[in-house]
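Visitor: Sequence first, then the predicted structure:
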Amino acid sequence: MSDAAVSPAVTEDQAALSTPFVKCLVRLIRAQESYCLWEGKSDATLLADFIVTRRKRRAIPGMGYPDPDVLWRLDMFYTAVGLAIAERFRPVTSPIMEMKPERPSGPCFSGPGGWSFCPDVHRFGFETLRKLAEAGTKLVDDATAAIEAYRDVAPA
């Protein structure tokens, strides 16, 4: 196959899969699976649920509790952000919020079944692998820039 026959989307996906953030996310996802069912699956296949096109996004209802799979993806994404930060600086990082669909009321809800601070959580995902990589990398870069800026007051 010649270079001209390779579509730009394939090259974009390969570039996204090689970013440090996406590699960290894939390692985290693979570590979650203990039955070796995902052993032969490609990284792109493991990340397929993170890709939510506009068409898919429109088809997802926005009412009720978010699907547990969506909450798992949200948790994996932000945990990977924390791990990528830890890989750069070795600070202790952990998620500061855990979202659980079984809570009947509280600050996360505007009313019965409605999430006030994250009304679009049902549709969590990215248009492409490139956009997934860019979003994660940007969060990691912003956090590490803040750590660098305040390194002198951070605990050793």
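Guide: Here it is on my side, so go on.

Visitor: For residue 51, grab phi and psi.
Guide: phi -90, psi 110 (degrees, to the nearest 10).

Visitor: and what of residue 36?
Guide: Residue torsions, per degrees, to the nearest 10, at residue 36 are phi 60, psi 30.

Visitor: What about it, how many residues nearby?
Guide: By the criterion of other Cβ atoms under 10 Å, residue 36 has 7 neighbours. Every C-beta, even on glycine, is put in place using the N, C-alpha and C of the backbone.

Visitor: cool, and the one 10 residues further on?
Guide: In terms of burial, residue 46 registers 15 neighbours under the definition other Cβ under 10 Å.

Visitor: which ones are touching residue 49?
Guide: 69, 73, 125 (Cβ atoms under 8 Å, 6 or more residues apart in numbering).

Visitor: In this protein, where is pLDDT below threshold?
Guide: 1-6, 9, 64, 91-119, 154-156 (pLDDT under 70).

Visitor: What segments of it are strands?
Guide: 109-111, 114-115 (DSSP state E).

Visitor: returning to what we had before: for the contacts of residue 49, which PyMOL command selects only the ones that are buried?
Guide: This is the PyMOL syntax for the buried subset of the contacts of residue 49, where burial follows 16 or more other Cβ atoms under 10 Å:
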select buried, resi 73+125
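
Visitor: What residues of stretch 83-92 count as buried?
Guide: Residues 83-85 are the ones in stretch 83-92 that count as buried (16+ other Cβ under 10 Å).

Visitor: Would you mind measuring from residue 124 to residue 135?
Guide: For residue 124, the distance to residue 135 equals 11 Å [Cβ to Cβ, to the nearest Å].

Visitor: ok, these two, which is more surrounded?
Guide: Counted by other Cβ under 10 Å, residue 124 and residue 135 do not tie: residue 124 has more neighbours, with 20 against 15.
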